[in-house]
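Peer 1: sequence first, predicted model second:
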Amino acid sequence: MSNKRAGHLWGNSGSFLFLTSPFLLFWAFFWVVPLFTGVDLAMQESQQFSRSLPGTGYTHSPFSNFERAINDPKFIHSLENTSLFVGGSILITLGLSFFLAISVYELNKKFQGICLFLLLIPSFALPGSLATLFYLFFHGKSGALNQFLVIPLGFDPINWMMDPSWILPCLVLQAVWRWTGVITLVLYCGIRAIPHWQFEVARIEGATALTKVRTILFPGTRHLLLFSGIFLLVDGVAAFSGAYNLLGGSGGVLDAGLLFVTYAYQVAFPGGSGRFDLPLASAACVLVAGTTACFAWLLLRVRKRMGN
Amino acid sequence: MNRLFSPILIGLVLLITAYPFAWMFLSSFKTNREIYQPGKMLPESFDPFAYKLLFSGELFDFTAVLVRSLLLASGQAIFACLVTAATGFALAKGRFWGKSLLFWAALLIILYPKQAMSLALFEWMARLEITGNLYGLILSGVASGLGVIFFTQVFRKVPDELIDLSKVEGQSPFFCFFTLLPLIFPALCTYGILHFFICWQEHLLPLLTLGSDQLTLPLALAKLGDSSYHTPEAVGLAAGVLAMIPLFLLFGYFFRRVRTALADWVVS
């Protein structure tokens, strides 16, 4: 934050604190306090768990729930799934959006707006609608994926939601489908901000498409690619609705589609596995969300260094 | 890029993005037998039975679900716009103690996955006894980190001369903020729409904090998707179509402004 520009502006702290006080109040009340509530919950003794171990000499310590989370194979499995889900959706969405943004930029100006709007359509749909649509339109032997992709390539039809090795790719596809339009719009705005003379110089020098991507388009949008990557990372770790609707609140066959938030929901509330173990769920949330925030912060530092 | 490659790529992706939604709309008039043949596009007849069933109240009060979702999303968006715009103005144009801390607080909200905090937030809201109604949900989403960062960039682009003029006229920063609001109207619209969009799609927190008789659209869709209810597939698709309409209209109407504001933000 540069104070240089604001230096000659008001130095009236009281007025500015008055302006920022509603935000500070809401932030403290609905972010800071819940954060500490989560940490406090994570350190509490789980009655459900203690009752299940009579006479075993189990003694609770503030870090017991964190240990239990780390030793829970289902938690580790949900983390592996979430990492693959996040990694896959970031790589595919960013790659596809980057080339789509370039393609839209190269279109006649009359068509650019309509193309961007049409690309945004999947993001207008609720994740639940996307899941229903995926199930009815793309899934199944006569679904679009099998009819237009798998069978024409000479493979046997895939039972997408029942085959454990295909459940996670389905979730990734759903995320890519949802976010590609939004990221394309952001990257397109970034490309439009690149000074036009750079493209002119490249044209005069007879640069190839690949050279233009390498020397103009990628450097011109890399800060936005990083920003979009962080957005997709945080959204991916928090993904719930799509998987909840597609898999009915479970992790699917052999928990192949069990994502982290679904795991926490299952542990905390009756329904899925019905463990009603809020302290364990909170410990898992604190671990994962804390790690994600630190990782995203590190990425932002990288961006700052890139900017310098 | 290759002149042939670009239109092919766009055409293919547009087909994948737009075609299934055209199918979804048309399938909301189909019977289950027709829907289970995804290759078939047009329904045998345009019978709006699914829409009639939704609004008949037989399954649940869908009109109330729509109104509840609209109130939640628009209420939260309006409050978030005002609160975060004021903070963004202070960060961009003010000099006061704790400014950097405030910026980092906003950034932390973005970086910490919200859904992972839902359980703790639910526990906290339950202690405050503000679960089971929309007020608690609206208030819980007002402090938006994205909003603060967005409006800070927006106000940085407002010329300092306007602030100087305001100072000369003896206005307080609070009054100056309100006089500048019309100037940043496109940005207010853009962020309002983005926040509405995020809140409209929120699933986990309403699932935890609202009762089963107080569904929002994502919860209603999950209920319709539950096979134990034996509702025709067209009903779920019809609900999906209706849930898209507000976002479609908002983005359609304000798209040019959103694009311009987003481009300005990206540049800054």
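Peer 2: Nice, thanks for sending it over.

Peer 1: got the confidence number for residue 251?
Peer 2: In the absence of a named chain, this looks at chain A. At A:Gly251, the model reports a pLDDT of 81.

Peer 1: that's the other chain; I wanted chain B
Peer 2: Looking at B:Phe251, its pLDDT is 88.

Peer 1: ok, it touching A:Leu119?
Peer 2: No - with contact defined as Cβ atoms under 8 Å, B:Phe251 and A:Leu119 do not form a contacting pair (11.6 Å). (Glycine included, C-beta is placed from N, CA and C.)

Peer 1: compare neighbour counts for these two and give me the winner.
Peer 2: A:Leu119 (26 against 17; other Cβ atoms under 10 Å in any protein chain shown).

Peer 1: just the C-alphas of whichever strand or helix holds the more buried one, formatted as PDB.
Peer 2: For A:Leu119, the host element (DSSP states H and E) is helix A:109-124. What follows is helix A:109-124 as a C-alpha-only set of coordinates in PDB (Å, rounded to 0.1, in the frame of the first residue of the first chain):
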ATOM      1  CA  LYS A 109     -14.900  -6.700 -32.500                       C
ATOM      2  CA  LYS A 110     -18.600  -7.200 -33.300                       C
ATOM      3  CA  PHE A 111     -18.500 -10.800 -32.100                       C
ATOM      4  CA  GLN A 112     -16.200 -10.500 -29.100                       C
ATOM      5  CA  GLY A 113     -18.900  -9.400 -26.600                       C
ATOM      6  CA  ILE A 114     -21.400 -12.000 -27.700                       C
ATOM      7  CA  CYS A 115     -18.800 -14.800 -27.500                       C
ATOM      8  CA  LEU A 116     -17.700 -13.700 -24.000                       C
ATOM      9  CA  PHE A 117     -21.300 -13.600 -22.900                       C
ATOM     10  CA  LEU A 118     -22.000 -17.100 -24.300                       C
ATOM     11  CA  LEU A 119     -18.900 -18.500 -22.600                       C
ATOM     12  CA  LEU A 120     -20.200 -17.200 -19.300                       C
ATOM     13  CA  ILE A 121     -23.500 -19.200 -19.500                       C
ATOM     14  CA  PRO A 122     -22.200 -22.200 -17.400                       C
ATOM     15  CA  SER A 123     -21.200 -19.900 -14.600                       C
ATOM     16  CA  PHE A 124     -24.700 -18.500 -14.400                       C
END
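
Peer 1: pull out the buried residues from that helix.
Peer 2: Using 16 or more other Cβ atoms under 10 Å in any protein chain shown as the burial criterion, the residues of helix A:109-124 that qualify are A:Gln112, A:Cys115, A:Leu116, A:Phe117, A:Leu118, A:Leu119, A:Leu120, A:Ile121, A:Pro122, A:Ser123, A:Phe124.

Peer 1: ok, so of the residues you listed, who is nearest B:Ser74?
Peer 2: Of all the buried residues of helix A:109-124, B:Ser74 sits closest to A:Phe124, with 16.2 Å by Cβ to Cβ.

Peer 1: chain neighbours aside, what residue packs nearest to that closest one?
Peer 2: Counting by Cβ to Cβ, 6 or more residues apart in numbering or on different chains, A:Phe124 lies nearest to B:Leu247, which is 4.2 Å off, once chain neighbours are set aside.

Peer 1: hang on, the one you found packs against B:Leu194?
Peer 2: No - the criterion here is Cβ under 8 Å, and B:Leu247 misses it with B:Leu194 at 10.7 Å.

Peer 1: beyond the helix holding A:Leu119, next helix or strand please.
Peer 2: helix A:127-133.

Peer 1: how about that following helix against chain B, any contact?
Peer 2: Yes - using Cβ under 8 Å from any Cβ of the partner chain, helix A:127-133 comes into contact with chain B via A:Pro127, A:Gly128, A:Ser129, A:Ala131, A:Thr132, A:Leu133.

Peer 1: give the contact list for B:Phe62.
Peer 2: Neighbouring residues of B:Phe62 by Cβ atoms under 8 Å, 6 or more residues apart in numbering or on different chains: B:Leu54, B:Phe55, B:Ala220, B:Ala239.

Peer 1: that one and chain A: what is the separation?
Peer 2: Counting by Cβ to the nearest Cβ, to the nearest Å, the separation of B:Phe62 from chain A is 14 Å.

Peer 1: tell me which element the residue of the stretch 1-150 of chain B found nearest chain A is part of?
Peer 2: At 3.2 Å from chain A, B:Ala120 is the closest residue in the stretch 1-150 of chain B, using Cβ to the nearest Cβ. Here B:Ala120, judged by DSSP H and E, is contained in helix B:118-128.

Peer 1: hmm, A:Gly251 is touching A:Tyr263, no?
Peer 2: Yes - A:Gly251 is in contact with A:Tyr263 according to Cβ under 8 Å; the separation is 7.5 Å.

Peer 1: and A:Leu299, how many neighbours does it have?
Peer 2: Neighbour count of A:Leu299, defined by other Cβ under 10 Å: 16.

Peer 1: so what does the nearest residue to it once chain neighbours are set aside have for phi and psi?
Peer 2: Nearest non-adjacent residue to A:Leu299, counting by Cβ to Cβ, 6+ apart: A:Ile230, 5.5 Å away. Per-residue torsions, A:Ile230: phi -70, psi -40 (degrees, to the nearest 10).

Peer 1: okay, A:Ile230 and A:Phe98: tell me how far apart.
Peer 2: 16 Å (Cβ to Cβ, to the nearest Å).

Peer 1: now do the SS call for residue 30.
Peer 2: I'll assume chain A. Three-state call for A:Phe30 (DSSP: H, G, I helix; E, B strand; the rest coil): helix.

Peer 1: hmm, no, I was thinking of chain B.
Peer 2: From three-state DSSP, the assignment for B:Lys30 is coil.

Peer 1: do you know how far it is from A:Asn245?
Peer 2: Taking Cβ to Cβ, one finds B:Lys30 at 20 Å from A:Asn245.

Peer 1: just the pLDDT for A:Asn12.
Peer 2: A:Asn12 is given a pLDDT of 69.

Peer 1: check A:Ser2 too.
Peer 2: At A:Ser2, the model reports a pLDDT of 42.

Peer 1: go on, B:Ser56?
Peer 2: B:Ser56 is given a pLDDT of 92.

Peer 1: run through the stretch 201-308 of chain A and note the low-pLDDT ranges.
Peer 2: Applying pLDDT under 70 to the stretch 201-308 of chain A flags residues A:270-275, A:306-308.

Peer 1: show me the domain layout of chain B.
Peer 2: B:1-47, B:61-267 (automatic domain parsing).

Peer 1: now the ones you listed in a markdown table, with distance to A:Pro152?
Peer 2: As requested, the domains of chain B are exported to a markdown table (distance: least, Cβ to Cβ, whole Å):
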| stretch | distance to A:Pro152 |
| --- | --- |
| domain B:1-47 | 13 |
| domain B:61-267 | 26 |
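
Peer 1: pick the most deeply packed of those domains.
Peer 2: When the domains of chain B are scored by mean count of other Cβ atoms under 10 Å in any protein chain shown, the highest mean neighbour count falls to domain B:61-267 (a mean of 20).

Peer 1: figure out how far it is from the centre of its chain.
Peer 2: Relative to its chain's centre, domain B:61-267 lies at 7 Å (Cα atoms, centre = their mean, to the nearest Å).

Peer 1: swap in stretch A:171-178?
Peer 2: Distance, centroid of stretch A:171-178 to centroid of chain: 10 Å (Cα atoms, centre = their mean).

Peer 1: can you show me the helices along chain B?
Peer 2: Listed in chain order, the helices of chain B (DSSP state H) span residues B:5-27, B:32-35, B:49-56, B:62-93, B:99-111, B:118-128, B:134-140, B:145-156, B:160-168, B:173-180, B:185-200, B:204-209, B:217-225, B:233-267.

Peer 1: done for today, thanks.
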